[in-house]
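Q: Sequence and predicted structure, then a few things I'm wondering about:
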Amino acid sequence: MLKSINYYSILLILLIGNSPLLAQEEGAYNYMDEQEDTTRFFIGINFGAFFANNNTAGMYSGTPGATPYGIQTVFNRQEYQQIFNNYFQHPYTIEEYPNDPKYNTAFEIGLHAGYRLGKRWSLFLDFNTVQLRYEQAFTVAINDPRNQQVGPTYQSIPIFGKESRIHVNLGVQYNFYTSNQSSAYISLFGNATDVEMKSNNFVVNNQQYELFHYDFNLPSQRIGGVGFGGGTGLGYKFHLNEQILADLYYNLTYTEINLKAGFQEYGIQNGLGVRILWAK
């Protein structure tokens, strides 16, 4: 019993003797304290997952409401009639459009710069880019008299979309927790989002067919625009060494996605990732 008490007493003395609190009281050097007093600028990269709001995903569905030059228009084009007739072989109709339009989770990457105003407050600027993908299917009903079932045969046709977004966030961070090697913060920021449709098409028999969203009298026009909003976030920074920090973050942004008239929707976008920052 005495040996056990002595063992734990020695262990407790060793832990207290090596604690940051005692080191500070004895005036030991701590480079984190010095850096906290001298560091002003932060710059680095961020990367993570982006979860887009689906309010504008329906633009890629090919329905008459999304574009007058959608799936049905392509099926009715005279130059494609024989191709589709040969492929389906029997009378066919569009039975169902994509019923759950949504974007895939995307990879976001960008740059981050910050300026520390004091121990608690910092200004920051984010410049991020993300490539969104839409992957759904519509259904074609084929009236094949040889099938062994009641009613038509159904075939799913894949439909795709690609969209580019650039996010710029400008705001402030407030450290509600700080220690020698880490800090936790909340952020508030304004947002500008530039969005552009890159492509929209479906595939039949390994052949790609484009859907059009522009005025044929203005074929060079850009499908997209800039929207504005704001957001908030949470983060946790910790030192990897004297000058390199890791920053785990979550951002919630409420902003306008300005694709075109009729598809200018406000919605909540979510981002989750990590930054690698260089402190100067």
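A: The structure has been received and is ready for your questions.

Q: ok, the residue minimising distance to the centre of the chain - contacts?
A: Compute the mean C-alpha point of the chain, and by CA atoms, centre = their mean the closest residue is Phe50, 1.8 Å away. Contacts of Phe50 were listed using CB atoms under 8 Å, 6 or more residues apart in numbering, and they are Thr105, Ala106, Phe107, Glu108, Val130, Leu132, Gln269, Asn270, Gly271. Yep, even glycine has a C-beta here, placed from its N, CA and C like the rest.

Q: Quick one: the strands in this protein, in order.
A: Ranges of strands in the chain, per DSSP state E, are 41-51, 92-96, 106-116, 121-142, 153-178, 182-204, 207-210, 224-239, 244-260, 263-279.

Q: Which positions in the fifth one come out as buried?
A: Meaning strand 153-178. Neighbour-count burial for strand 153-178, counted by 16 or more other CB atoms under 10 Å, picks out 155, 157, 159-161, 163, 165, 167-169, 171, 173, 175.

Q: for this protein, which spans come out with low pLDDT?
A: Within the chain, the segments meeting pLDDT under 70 span 1-39, 215-220.

Q: if you set the cut-off to 80 instead, what comes out?
A: 1-39, 147-150, 214-221, 260-263 (pLDDT under 80).

Q: how's it carved up into domains?
A: With domains defined by automatic domain parsing, the chain comprises 1-34, 39-279.

Q: just checking, which of the ones you listed sits deepest inside the structure?
A: domain 39-279 (a mean of 16; mean count of other CB atoms under 10 Å).

Q: chain center to that one: distance?
A: With CA atoms, centre = their mean, to the nearest Å as the basis, domain 39-279 stands 7 Å off its chain's centre.

Q: Tabulate the contacts of Phe50 (CSV), appending distance to Arg222.
A: Output for the contacts of Phe50, formatted as CSV (distance: CB to CB, whole Å):
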residue, distance to Arg222
Thr105, 26
Ala106, 21
Phe107, 24
Glu108, 22
Val130, 18
Leu132, 16
Gln269, 21
Asn270, 27
Gly271, 25
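
Q: wait, which of the residues you listed is closest to Thr63?
A: Set against Thr63, the nearest of the contacts of Phe50 by CB to CB is Leu132 (18.9 Å).

Q: which residues sit in contact with that closest one?
A: So Leu132 contacts Phe50, Ala52, Tyr103, Asn104, Ala106, Gly161, Lys162, Glu163, Ser164, Arg165 (CB under 8 Å, 6+ apart).

Q: In TSV: the residues you listed, plus distance to Gly225.
A: Listed next are the contacts of Leu132 as TSV, based on distance: CB to CB, whole Å:
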residue	distance to Gly225
Phe50	19
Ala52	16
Tyr103	18
Asn104	22
Ala106	20
Gly161	17
Lys162	17
Glu163	12
Ser164	12
Arg165	11
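
Q: Pick out the most distant pair among those residues.
A: Phe50 and Gly161 (15.7 Å).

Q: Run a quick check on Leu252 versus Asn270, I expect a contact.
A: Yes - using CB atoms under 8 Å, Leu252 is in contact with Asn270, at 5.8 Å.

Q: Please name the nearest non-neighbouring residue to Ile159.
A: Nearest residue to Ile159 in three dimensions, chain neighbours excluded: Phe202, at 4.2 Å (CB to CB, 6 or more residues apart in numbering).

Q: ok, the one you found to Ala192 distance?
A: Using CB to CB, to the nearest Å, Phe202 is found at 32 Å from Ala192.

Q: can you check Lys102 too?
A: In terms of CB to CB, Lys102 sits 24 Å off from Ala192.

Q: so Leu248 makes contact with Tyr236?
A: Yes - using CB under 8 Å, Leu248 is in contact with Tyr236, at 4.9 Å.

Q: on that earlier part again, now the strands of the chain in TSV, with distance to Gln72?
A: Formatted as TSV, those follow (distance: least, CB to CB, whole Å):
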stretch	distance to Gln72
strand 41-51	31
strand 92-96	6
strand 106-116	29
strand 121-142	10
strand 153-178	12
strand 182-204	11
strand 207-210	12
strand 224-239	24
strand 244-260	19
strand 263-279	19
